[in-house]
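**Student:** I would like the atomic coordinates for the input below:
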Amino acid sequence: MSSNETSVTPLLVLRKITSILDAFSLAQPELSLTEIRSATGVPHSTVQRLVANMVQEGILDRHGDRFRVGVRMAHWAAPATQGLDFLELLTPVLRRLRDELGETACIFRESQGKRVCIALAETRRMLRRVVQVGEIMPLHVGSAGRVLLAWNPDVAEQVYRSGLHSLTDQTITDAASLEAAVAKTKAEGFAITTGERVSGASGISAPIFGPQAELFGALTVMGPAMRMPYDVCASWVEAVLAAAEESTRVIGGTIPQEGLSASWI
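**Tutor:** Model prediction:
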């Protein structure tokens with residue numbers, strides 16, 4: 001074997017190992033050998049050998065006939081995010097989503113019973129809904145509020161009891177109705193709203209989770225309802241969920257133990 005072939009072979013093996021790891025996601029944290037082979041295109045015998053070696057080294061963990069990324073990987077992942085600001089990691093995700101869909105992409109977090117915009121990639125279009133980093137909004141309106149309430153039950157109970165003020169004719173002001181809408185968001189894994197906070201504006205949001213599977217925030221795409229009617233928002237669900245999952249991954253987040261709906265798969 002030539003020196004060139006000797007140097008290439010380990011690289012090819014590394015690429016196959018990387019493709020196996022890439023097959024796992026927050027939506028599909030456990031895979032069978034058949035599913036790994038289908039996702040990677042690597043021959044079954046090669047997958048079987050590499051997976052066995054990866055289990056032996058702690059790169060993968062085995063549970064019956066299924067596999068998941070090994071706990072040892074968490075020790076390697078921790079230094080990658082050490083000292084990095086989460087917003088520094090999330091901004092590229094927002095920009096890619098903004099460029100893909102053409103509308104403003106942002107992240108909201110809950111703070112003292114309100115929601116606050118903490119990151120923003122503003123649309124390049126002239127007609128836009130103006131929002132600024134640091135802007136504070138009510139939790140009971142909009143798709144971001146829906147997500148923040150869905151994975152924050154203690155805050156949600158406070159909001160239901162606090163009195164729901166009307167901002168537009170689409171604002172939900174009945175606590176039972178809002179509770180039902182929040183439950184629907186939790187079940188589906190995302191929220192779409194139109195005109196609840198500002199007439200003529202739409203939003204679609206999905207959750208971002210932190211390292212302890214806690215809710216980090218809501219990733220939101222927002223814009224004028226004339227460009228974002230419900231059917232358009234519905235067609236963007238997959239893109240928004242993918243960006244929310246990527247956001248969870250880049251901050252070292254973990255999907256909640258109870259999982260998410262099939263929409264995430």
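**Student:** distance check, the closest residue in space to S25 that isn't next to it in sequence against V141.
**Tutor:** Of all residues beyond its chain neighbours, the one nearest S25 is E245 (6.6 Å), with distances taken as Cβ to Cβ, 6 or more residues apart in numbering. No exception for glycine: its C-beta is placed from N, CA and C like everyone else's. From E245 across to V141, the span is 25 Å (Cβ to Cβ, to the nearest Å).
**Student:** who's more crowded, these two?
**Tutor:** In this view E245 and V141 are compared by other Cβ atoms under 10 Å, and V141 has more residues nearby, 26 against 23.
**Student:** how much space separates that one from F216?
**Tutor:** Separation of V141 from F216 (Cβ to Cβ) stands at 21 Å.
**Student:** ok, P138 next?
**Tutor:** Counting by Cβ to Cβ, the separation of P138 from F216 is 20 Å.
**Student:** neighbour-wise, which of the two wins?
**Tutor:** Neighbour count, other Cβ under 10 Å: between P138 and F216, F216 has more, with 23 against 18.
**Student:** so the more buried one: helix, strand or coil?
**Tutor:** Secondary structure state of F216, per DSSP: H, G, I helix; E, B strand; the rest coil, is strand.
**Student:** do you know the pLDDT at it?
**Tutor:** Note for F216: predicted pLDDT of 94.
**Student:** for it, give its distance to E135.
**Tutor:** In this structure, F216 and E135 are 18 Å apart, going by Cβ to Cβ.
**Student:** what do you get for L12?
**Tutor:** In this view, L12 and E135 are 50 Å apart by Cβ to Cβ.
**Student:** ok, these two, which is more surrounded?
**Tutor:** Ranked by neighbour count (other Cβ under 10 Å), L12 and E135 place E135 first, with 15 against 9.
**Student:** distance of the more buried one relative to S199?
**Tutor:** In terms of Cβ to Cβ, E135 sits 18 Å off from S199.
**Student:** tell me the buried residues in stretch 66-76?
**Tutor:** Using 16 or more other Cβ atoms under 10 Å as the test for burial, stretch 66-76 gives 67, 69-70, 73.
**Student:** and that stretch, average pLDDT?
**Tutor:** Mean predicted confidence for stretch 66-76 is 80.
**Student:** for that stretch, measure first residue to last.
**Tutor:** End-to-end span of stretch 66-76 (Cα to Cα, to the nearest Å): 22 Å.
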